[in-house]
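>>> turn this into a model:
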Amino acid sequence: MKRPLSSIAIFVCLLLCYVVFSGATPSQKDQEHDKAKAAMEEAVKRDEVPISFYGKVIDQDGQPVADAQVRISITHYSLNGPLPGLGLKTIMVKTNQDGFFEIENGRGWEVNISRIVKDGYEFTPLDMKRSGHGDPFMYGSKYVNPHIPDKSKPVVYRIHKIGPTAFLLMGNGQLVVRPDEKVVVGEISKDRLFYNPNYYTDRRDNSEKFPGFAVSGTLAKDTRDWVLTFKGKHPNDTVILLNDFVYQAPENGYQPSAELKASLQPSDVPGREPQYPGRLEACLIVRSGNPVTYTRVNLEIYLRDANRCDISYDMTLNPYGVRTFELDKRTHDKEGRISSILGVQAIQALCNGQLPPKPDIDKLIEQAKAEEEAKQKSESH
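Coordinates of the predicted model:
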């Protein structure tokens, strides 16, 4: 966000003053420096505005989260900041029993919520994005849509309570959908997995058994509405299409297919043709059968015209037949030993129509630690 033009102009003028007085005597320089500093302070104080901010923290089930630590950054004008006229004040506040937090009597022009912390909970960049508040809140009449704080309508942030964790297979990809009802398939491809490549041959021979999703598109002739139809990759798969990101697959409500519709929207610009929404987000859950597994597909859908739809997806597959999408971070070790072992086991089992055995992760960690110590000892001799 650009700094207000008036402040920039003031800084430029004051810098010119320094140049003009560079030939003055030391006493004159001190006097002019004090005058310039006072003028800058007066200018930046005029640009600051009072700041209040009201927020609320809830979990994935909509329940308030008490005693969460919230880090709030206020951008303000300061002569002691990293840039001329720019300073940053950080405040830590704690949510009350209703999940509510607030700051009042601040001064500046920008507020940013950069971190929310509580034991047993997690606030990731994706949680921030799903809360819809990734951008700073701007204050003051200089901005087109300044934030208007309202204590009765606090800004809501969601953090998720960490549940049971598991090793997960993850990947991503892109698809192009045409309005011709032709089906395209998305899956965790071998090119997107970070595991030992020794499983590739087995996977090619049995790739049709691996979970995934399918999507096709049509275009209504009368309204020109896009209709995207999502299904599982296999005939007996069922799906749910959600508007929200989840860390646990729903237990019920699955259907053979799910539709997402996108209509032409009137343009805000006079004389311009109606346009498609451009970018949509959705979360597809696929329940595969024989064996039963759950896959979460985060979809970013780009609709710009009537000829093409681009889809980017991030896919998370729980290979053990349970509904959690909470990653056990211990399984993605730095050296890749544990993730390689579990990845190969899971992929080979699924490609053979079976569930992999649930791993003893603590034992694998001890083995990996012993191997690393043995390696270091060998290298030291």
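>>> ok, and what's touching stretch 150-165?
For stretch 150-165, contacts defined as CB atoms under 8 Å, 6 or more residues apart in numbering pick out 53-61, 65, 68, 70, 100, 102, 113, 116, 118, 120-123, 127-128, 130-131, 133, 137, 247-248, 322, 324, 326-329. Where you see a C-beta, it was placed from the backbone N, CA and C, and this is true even at glycine.
>>> for that stretch, measure first residue to last.
38 Å (CA to CA, to the nearest Å).
>>> hang on, the earlier thing: from the contacts of stretch 150-165, list just the buried residues.
53-60, 65, 68, 70, 102, 113, 116, 118, 121, 123, 127-128, 130-131, 133, 137, 247-248, 322, 324, 326-328 (16 or more other CB atoms under 10 Å).
>>> in strands, which of the residues you listed fall?
Judged by DSSP state E, those include 53-58, 70, 102, 113, 116, 121, 137 as members of strands.
>>> most widely separated two among these?
The span of those, defined through CB to CB, is set by Tyr121 and Phe137 at 22.7 Å.
>>> by mean pLDDT, flag the weakest helix or strand of the chain.
helix 200-205 (a mean of 42; mean pLDDT, DSSP states H and E).
>>> what lies in contact with the helix or strand following it?
Using DSSP states H and E, the helix or strand that follows helix 200-205 towards the C-terminus is strand 212-219. Residues from elsewhere that reach strand 212-219 (CB under 8 Å, 6+ apart): 175, 177-188, 225-233, 239, 284, 286, 295, 297, 306, 309, 311, 315.
>>> helices - which of the residues you listed land there?
Assignment to helices by DSSP state H places none of the contacts of strand 212-219 there.
>>> now the buried members of the residues you listed.
175, 177, 179, 186-188, 226, 228-233, 239, 284, 286, 295, 297, 309, 311, 315.
>>> which stretches of the stretch 201-350 of the chain have low pLDDT?
201-207, 267-269, 335 (pLDDT under 70).
>>> hmm, try it at 50
The model of the stretch 201-350 of the chain has pLDDT under 50 over residues 201-205.
>>> again, but for the stretch 1-150 of the chain
Where the stretch 1-150 of the chain drops to pLDDT under 50, the residues are 1-9, 12, 16, 19.
>>> and if we set it to 90?
For the stretch 1-150 of the chain, the stretches with pLDDT under 90 are 1-49, 59-62, 75-89, 105-110, 112-115, 122-136, 138-145.
>>> what about the helices in it?
5-20, 26-47, 125-131 (DSSP state H, counting those that start in this stretch).
>>> can you list the domain ranges for the protein.
Here the domain assignment for the chain is 5-47, 49-161, 169-365, based on automatic domain parsing.
>>> would CSV of those with distance to Glu372 be doable?
As requested, the domains of the chain are exported to CSV (distance: least, CB to CB, whole Å):
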stretch, distance to Glu372
domain 5-47, 54
domain 49-161, 27
domain 169-365, 7
